[in-house]
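In: This is a predicted model, with the sequence first.
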Amino acid sequence: MNLQTFNVAALAGDGIGPEVMREAIKILRTVERKFPVRFNITEAPVGWAGIDATGEALPDATLSLCKKSDAILFGSVGLPNRDPGVSKDKRPERAALLRLRREFELFANLRPVVLWKELAHTCPLVKERQGDGINLLVVRELTSGMYFGTPKTIENFGNGQRRAIDTMVYTTAEIERIAHVAFRAAEERRKSDVRRKAKVTSIDKANVLENGVLWREVVTDIGAQYSGVELEHMLVDNAAMQLMLKPAQFDVLLCENLFGDIISDEAAALAGSLGMVPSASLGAAQGDRVFGLYEPAGGTAPDIAGKDLANPIAQILSAALMLQYSFKLHAAADAIVCAVGKAIASGNRTGDIFNPAISTARKVGTGAIGDAIAAAL
C-alpha cells in the first residue's frame, strides 16, 4: 500500500497550547505506526509567542508555512491580561486567528459536541434533561456577518458621548454555501449512525432582523434539495433555551457568525468541559480535499499553563477532525476517537472531568492521559 504524506503546520500558540499540542503530535506519530501515512509536522509561533519572536501575532514565516501546508493544527492564542497597551488590532485574537480565517477563506466552523456516557456527571444538566445522550454538531458561518461587516467604528460626538457601529451583512451566496455544509453534514452523520434522524435546525432572528429574513428564505431553498434531511427554523433566543431544556432534540444546528459564536460555546458546556470539544474551520473543497484549521474549543487557560493539568483531548480530537476532513483518512480518524473512548472508559481523567466520588476514576496529568490514548490506539 502506498504511503500517503501530508504537510501539517502546528501552531501551538499561548498558555496551555504547547502542552496540548505536544499530546496531539504524540497521537499523530502513533497513527503513523498503524496506518500507511506520514505527517511532515512543522511547528511555528503564533499569538503572543509570535509577538515575542518577531513582533507580530502572525509572523510572515508562519503564514508562509501555512500556505505550503495541507492543513493547520492550531492550539490557542490570547492572554487577556498581557500588555494592555497593545492595540486591539495587533492582539492575537484579531491579528492571528481572524486573519487566518480571512487568508484561507475558512467560512465553515464545525464543532461537534458529544457527552461521553462515562462523563455524564460533568454535564451541567441533570440526567433527566440529557435524554438518550447528547451528540450534536454546530455549523457556524465564520467569515461574514457582524464580525466582518463594514462600517465598523466608534464615533466620538464630544461631550463624553460616543456611538459604536457594527454592521451585519450576508449575501445569498454566503448563506447558500454554509447551508450546504450543514445539510451534507446531517447526511454524513446519519450514514455513520443509521438510527439517527437527520435534521438541520437553522438558527436566526427573522422576527426582527432583515439578515434573519434572508437567512431563513435561502436556507429553506437549499433544504428543499436534501429530501432526506428534516429542516426546522428556530429563533436564537428559543434555541439557547432549548439547548438547556432538551439538547437531545438537536442533530445539526446551522448558525450565522454571531449567533454561532454564542450557541457553540453554550453547546460546548454540555460536554462537561471545553477540554473535550474540538472544532474544524474549513474552506471551499478543492476536489476531494478541503483546507482547514483545526483547534480546540477552549482557550489558553494561562492559570494552569505549565502545570501538567490541561486536558489535551479537544486538541487530539481536533487532529482527528483534520484526518477526517482534510486528509480523508477516515479509518485513522475513527481509531483516534475510539482510543479516546477507551482511555476514558479505563478511568483516566484530567482535573476538569474528574469526580472523586467515582471509584474507578483516577486523576492524571496532561502527558499521562495522552500516553493512555496513544496506548489505546
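Out: Happy to help now that I have it.
In: Just the element for the closest residue to E118 other than its chain neighbours, please.
Out: Residue nearest to E118 in three dimensions, not counting chain neighbours: I344, with 5.2 Å by C-beta to C-beta, 6 or more residues apart in numbering. Glycine gets a C-beta too; all of them are placed from N, C-alpha and C. If you go by DSSP states H and E, I344 is part of helix 330-345.
In: So what's the gap between stretch 222-242 and the chain middle?
Out: A distance of 21 Å separates the centroid of the chain from that of stretch 222-242, by C-alpha atoms, centre = their mean, to the nearest Å.
In: For it, list every residue counted as buried.
Out: Neighbour-count burial for stretch 222-242, counted by 16 or more other C-beta atoms under 10 Å, picks out 222-223, 226, 229, 231, 233-236, 239-240.
In: contact partners of that stretch?
Out: Contacts to stretch 222-242, defined as C-beta atoms under 8 Å, 6 or more residues apart in numbering, come from residues 175-176, 179-180, 183-184, 186-187, 190, 197-207, 216, 219-220, 249-250, 253, 255, 259, 262-263, 266.
In: run the last query once more with 6 Å
Out: Residues outside stretch 222-242 that contact it (C-beta atoms under 6 Å, 6 or more residues apart in numbering): 176, 179, 183, 186, 198-203, 205, 216, 259.
In: that older thread, tell me what the helix holding I344 is packed against?
Out: Applying 3 or more C-beta pairs under 6 Å, 6 or more residues apart in numbering; DSSP states H and E, we find helix 330-345 packed against helix 313-325, helix 366-376.
In: and the angle for the first one with helix 330-345?
Out: Relative orientation of helix 313-325 versus helix 330-345 (axes from the mean of the first three to the mean of the last three C-alpha atoms, to 10 degrees): 160 degrees.
In: again, but for the shortest one
Out: Counting by the same axes, to 10 degrees, helix 366-376 lies at 120 degrees to helix 330-345.
In: which other helices and strands contact helix 366-376?
Out: Where contact means 3+ C-beta pairs under 6 Å, 6+ apart, helix 366-376 is packed against helix 17-34, helix 330-345.
In: 10 Å instead?
Out: The helices and strands touching helix 366-376, judged by 3 or more C-beta pairs under 10 Å, 6 or more residues apart in numbering; DSSP states H and E, are helix 17-34, helix 313-325, helix 330-345, strand 348-349.
In: most tightly surrounded among these?
Out: helix 313-325 (a mean of 26; mean count of other C-beta atoms under 10 Å).
In: quick one: that one to helix 17-34, angle?
Out: 50 degrees.
In: Any quick PyMOL command for the buried ones out of the contacts of stretch 222-242?
Out: One line in PyMOL is enough to select the buried ones among those; burial here means 16+ other C-beta under 10 Å:
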select buried, resi 179+183+186+198+199+200+201+202+203+205+216+259
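In: Correct me if wrong: G365 contacts E19.
Out: Yes - the pair G365 / E19 is scored as a contact, 9.4 Å apart, by C-beta atoms under 10 Å.
In: Using PDB, write out the CA atom coordinates for the helix holding I344.
Out: Extracted C-alpha coordinates of helix 330-345, given in PDB (Å, rounded to 0.1, in the frame of the first residue of the first chain):
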ATOM      1  CA  HIS A 330     -11.500   8.100   7.900                       C
ATOM      2  CA  ALA A 331     -10.200   4.900   9.500                       C
ATOM      3  CA  ALA A 332      -7.400   6.700  11.300                       C
ATOM      4  CA  ALA A 333      -9.700   9.400  12.500                       C
ATOM      5  CA  ASP A 334     -12.200   6.800  13.800                       C
ATOM      6  CA  ALA A 335      -9.300   5.000  15.500                       C
ATOM      7  CA  ILE A 336      -8.300   8.200  17.400                       C
ATOM      8  CA  VAL A 337     -11.900   8.700  18.600                       C
ATOM      9  CA  CYS A 338     -12.100   5.100  19.700                       C
ATOM     10  CA  ALA A 339      -8.800   5.400  21.500                       C
ATOM     11  CA  VAL A 340     -10.100   8.500  23.400                       C
ATOM     12  CA  GLY A 341     -13.100   6.500  24.400                       C
ATOM     13  CA  LYS A 342     -11.000   3.600  25.600                       C
ATOM     14  CA  ALA A 343      -8.800   5.900  27.700                       C
ATOM     15  CA  ILE A 344     -11.900   7.500  29.300                       C
ATOM     16  CA  ALA A 345     -13.600   4.100  29.900                       C
END
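In: as a whole number, average confidence for it?
Out: Here helix 330-345 scores 96 as its mean pLDDT.
In: What ranges does the chain have for its helices?
Out: 17-34, 48-54, 60-67, 92, 99-103, 127-130, 172-192, 210-223, 236-245, 257-269, 313-325, 330-345, 366-376 (DSSP state H).
In: can you tell me which of the buried residues of stretch 222-242 lies nearest to R101?
Out: Top of the list for closeness to R101, among the buried residues of stretch 222-242 and by C-beta to C-beta, is V236 at 21.7 Å.
In: What separation do you get for that closest one and G223?
Out: Applying C-beta to C-beta, to the nearest Å, the value for V236 to G223 is 18 Å.
In: again, but for A185
Out: Distance from A185 to G223, by C-beta to C-beta: 13 Å.
In: okay, and the common contacts of the two?
Out: Shared contacts of A185 and G223 (C-beta atoms under 10 Å, 6 or more residues apart in numbering): 200, 229, 254.
In: got CSV for those, with pLDDT and distance to K307 too?
Out: Formatted as CSV, the shared contacts of A185 and G223 follow (pLDDT from 0 to 100; distance: C-beta to C-beta, whole Å):
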residue, pLDDT, distance to K307
V200, 98, 41
V229, 96, 45
L254, 98, 38
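In: Restricted to strands, list those residues.
Out: Of the positions in the shared contacts of A185 and G223, 200, 254 sit in strands, assigned by DSSP state E.
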